[in-house]
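Chemist: here's my sequence, what's the structure:
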Amino acid sequence: MCPIGYEQTPTMPTDAYTPKENLYESSPWIIIGEISKMNPVFHVKPWNLIYTDIDCAFPRFFNIRKTELGV
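Modeler: Numbers count the residues shown, from 1 in each chain. Predicted coordinates for the structure are as follows:
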């Protein structure tokens, strides 16, 4: 897996049209490219799941490809 992009999206849809000078609440997302043919080509995951994946240590594991399974 290779990170290929980053997006900062507003939490409220109406904030997408406000000027950039105004601060609004937003969520960071990471776009990940997949090289395996067994999975979709792109994964778009929120940053908090990436942090969970990096923060886990033995014996706890988190598969970023299958987030529905949890830790």
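Chemist: for the protein, what spans make up the strands?
Modeler: Along the chain, counting by DSSP state E, strands occupy 2-10, 26-33, 42-46.
Chemist: burial check on residue 45, number of neighbours?
Modeler: By the measure other C-beta atoms under 10 Å, the count of residues near residue 45 is 17. C-beta: built from backbone N, CA, C; applies to glycine.
Chemist: same question for residue 37.
Modeler: Here the number of neighbours of residue 37 (other C-beta under 10 Å) works out to 6.
Chemist: roughly how far apart are it and residue 6?
Modeler: 25 Å (C-beta to C-beta, to the nearest Å).
Chemist: same question, residue 17
Modeler: 21 Å.
Chemist: the two: which has the busier surroundings?
Modeler: Here residue 17 and residue 6 are compared on neighbour count by other C-beta under 10 Å; more neighbours surround residue 6, at 10 against 7.
Chemist: you'd agree residue 11 is up against residue 46?
Modeler: No - counting by C-beta atoms under 8 Å, residue 11 stays clear of residue 46, with 11.5 Å between them.
Chemist: alright, that wraps it up for me.
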